[in-house]
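**Q** Provided below are the primary sequence and the corresponding predicted coordinates.
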Amino acid sequence: MTTTRENANKHAAFDPAAFFADQQKLDTDRLQAMKEQSRKLVLLRTVSFLAMIFAFAAGYDGQSLFTLLGLLLLAAFVLLVRCHQKLEREQLLCLSHQARVKANLDRLTNKWMDFEDDGREFLREDLPQGADLPIFGHASLYQYLCCARTKAGRTRLAALLSPSPGTVKEMTARQQAVREIAAHPAAALDLLALNGLLPFSYDVAAFCAAMERRKTQAHPALKALSYLLPVLSFGTLFAALFENITYTIPGLLFLVQFLLALLTIRRHSTLLEPLCRLPQGLAIYQAIFARFSELDVTSGKLRELQSILKKGGGAAGGLAALAAVADKAAMRRNAFVLLIANTLFLWDFHCTTAFLKWQRRYGASLRGWLRSWSELEALLSLAVPAWTRKHCCWPAFLSGAPSLMAAGAYPLLIREEKAVPNDAAFAAGTAILTGSNMSGKTTYMHTLAAAAILAYAGAPVCAASFSLTPMAVYTSIHVSDDPAKGISTFYAEVLRIKQMVEACRREQPLFLCIDEIFKGTNSADRITGAEETLRHLTQSWCITLVTTHDFELCDLQSPNHLPIHNYHFEEHYENGQICFDFKLREGRCRTTNARYLLQMAGILPAEDVKRHS
């Protein structure tokens, strides 16, 4: 994914902080140079305008050379205005580029949690994984990743962050595309800078639907008349100027044109209505499509998207043609200009003809062009971890029985320098995780489940290595009651477990994560219910992770040949302070820390803690 101006970037030597700091400095220097250039252009424009006024004044007094000078100064003034407008567009683009760079710098710290778009509208009751992991909402994967501006792009990213994987072929194709994008952050930033000029959650679905609706074609006779009448009118007008005929004939012809335009104005207004409401953002799309089309891409998915944008004359060319037609139709907004243009040229007829011609050629392709960009927006978002983490890898997709293997995995949503890596080696069966409060059990579960979802989407994951088979991810982590529906915390968890059991009965590959199983009920019922649940979920097509404070579950016997393993996290004490290393160990936990935490909170006296330790 390169241009002639960019060499390949190799992620192996990529330093996120250094790269984005350099980009930030380049943007700052460019903006400073543009401001200086803008001041010069404003000065030259002002001087040329004043000089033009004096030149025309002198020409009015009889100095013909000054009239010629005034015309030259007028041309120079118009040129300077256009140069200044171009510079202002470049400044806006540079500011947008600067904003994308800052967003990535913010991702290196916890400032990304202040991003406006956290995807909370994608949370669904029937998919609790969205809040459990969290995929959507505040401090979520979506909030960290999302670079999309369009409504379709945001929706597509949300769909890819799904707990249900696609086929290995689909996931591999996406990963290859994201990997190519990730290898060239400079080219990706250029695209994101253009995309940043679009309004938030920009949506042109209604305009696409209007373009897909068939329009009545202009009658051939009326089309011919729209060209013939103006030619005859102006021809007879020139003949009258040379006194070959009277002015009555061209006057009657212009009157016929006026009456014809008046009789058809309602029809033309209806036909041109979508064009008159043309979304301004399509001009930005044109620039985006032109930039992406010139990139040298190698992955199959990016080539497919590029071919869609190049097919049939190209998306950039098609939108440029639409902009030209829209410029013609824009004259209709002024009633006086509309009257004159129709009387002289039958302007509505020509606008309608050009628009219907564009619609026949490109109308059915517009939605596909915009869908391609929404897909690319999602892929650009999925590349973000590769730009903001020094240590990440591209997951390998395995076949066969359920398997999840990881070396040095750590959470994406924790600052890299503070994260503690852990390994994982899970096959079909159940793993019971025990450990003291705050020791890292839930975070470990979050890490693996979120990494699996990132892997299925095609993104890199934070690990030295990561491999897994396709498995639907089910969670029961953040469970709360719902008094309005009469649902207690315990019953809410029962409903979550029911989802898992039903999916398990379908014998589909599953990755199940249950945090503090049945914590909403008494210890006797909790242990009985947990034992029965784990017997149901310990199957050859499931990897089940369960955290618990009930050591009785550590003695659970497998209902079949599948293993039930015990793992734990532990703490130690230094100078009377509790310390955690957040490292996973084999076997069951042998310690508790509730009394020490109560002491730290000032609830339990230190003497009482010592007495029970």
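**A** Nice, thanks for sending it over.

**Q** low-confidence bits of the chain, can you list those?
**A** Scanning the chain for pLDDT under 70 picks out 2-13, 214-216, 218, 576, 591-613.

**Q** break it down into its structural domains.
**A** 1-108, 205-380, 390-612 (automatic domain parsing).

**Q** nearest to Ser164, out of the ones you listed?
**A** Comparing the domains of the chain against Ser164 with Cβ to Cβ, the closest turns out to be domain 390-612 (4.9 Å). Every C-beta, even on glycine, is put in place using the N, C-alpha and C of the backbone.

**Q** which stretches of the stretch 301-450 of the chain form strands?
**A** 396-397, 403-409, 422-427, 429-435 (DSSP state E, counting those that start in this stretch).

**Q** which of those is buried the deepest?
**A** Of those, the one with the most neighbours on average (mean count of other Cβ atoms under 10 Å) is strand 429-435, at a mean of 24.

**Q** which residue ranges of this protein form strands?
**A** 396-397, 403-409, 422-427, 429-435, 465-468, 472-476, 510-514, 542-547, 564-569, 571-574, 577-580, 585-586 (DSSP state E).

**Q** for the ones you listed, could you give me TSV that also reports distance to Val204?
**A** Shown next, in TSV, are the strands of the chain (distance: least, Cβ to Cβ, whole Å):
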stretch	distance to Val204
strand 396-397	35
strand 403-409	40
strand 422-427	44
strand 429-435	48
strand 465-468	38
strand 472-476	33
strand 510-514	38
strand 542-547	43
strand 564-569	50
strand 571-574	55
strand 577-580	51
strand 585-586	54
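
**Q** relative to Lys498, tell me which of these wins on proximity.
**A** Here strand 472-476 is closest among the strands of the chain (Cβ to Cβ), at 10.1 Å.

**Q** tell me where the stretch 151-300 of the chain has helices.
**A** 151-160, 168-182, 185-195, 205-212, 220-241, 248-276, 282-293, 300-310 (DSSP state H, counting those that start in this stretch).

**Q** put the alpha carbons of the first one into CSV.
**A** Spelled out, it's helix 151-160. Extracted C-alpha coordinates of helix 151-160, given in CSV (Å, rounded to 0.1, in the frame of the first residue of the first chain):
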residue,chain,number,x,y,z
LYS,A,151,-22.3,6.0,9.6
ALA,A,152,-21.7,3.0,7.4
GLY,A,153,-18.0,2.8,8.4
ARG,A,154,-18.9,2.9,12.1
THR,A,155,-21.5,0.3,11.7
ARG,A,156,-19.2,-1.9,9.7
LEU,A,157,-16.5,-1.7,12.4
ALA,A,158,-19.1,-2.6,15.0
ALA,A,159,-20.1,-5.6,12.9
LEU,A,160,-16.5,-6.9,12.6
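
**Q** reformat the strands of the stretch 301-450 of the chain as a markdown table; add distance to Thr533.
**A** Formatted as a markdown table, these follow (distance: least, Cβ to Cβ, whole Å):
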| stretch | distance to Thr533 |
| --- | --- |
| strand 396-397 | 29 |
| strand 403-409 | 21 |
| strand 422-427 | 18 |
| strand 429-435 | 10 |
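
**Q** indicate which one of those strands is closest to Glu116.
**A** Closest among these, using Cβ to Cβ: strand 403-409, at 29.5 Å.

**Q** what are the contacting residues of that closest one?
**A** When contacts are defined by Cβ atoms under 8 Å, 6 or more residues apart in numbering, strand 403-409 is touched by residues 391, 421-428, 447-448, 451-452, 461-469, 471, 511, 543.

**Q** of the residues you listed, select the buried ones using a PyMOL command.
**A** With 16 or more other Cβ atoms under 10 Å as the criterion, this PyMOL line picks the buried residues out of the contacts of strand 403-409:
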select buried, resi 421+422+424+426+427+428+447+448+451+452+461+462+463+466+467+468+469+471+511+543
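
**Q** quick one, what contacts Lys311?
**A** Ser365.

**Q** do you know which of the domains of the chain lies nearest Thr167?
**A** domain 390-612 (7.6 Å).

**Q** now the helices for the stretch 401-550 of the chain?
**A** Under DSSP H, counting those that start in this stretch, the stretch 401-550 of the chain gives helices at 441-457, 489-505, 523-537.

**Q** want to throw the ones you listed into a markdown table with distance to Leu379?
**A** Formatted as a markdown table, these follow (distance: least, Cβ to Cβ, whole Å):
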| stretch | distance to Leu379 |
| --- | --- |
| helix 441-457 | 9 |
| helix 489-505 | 29 |
| helix 523-537 | 35 |
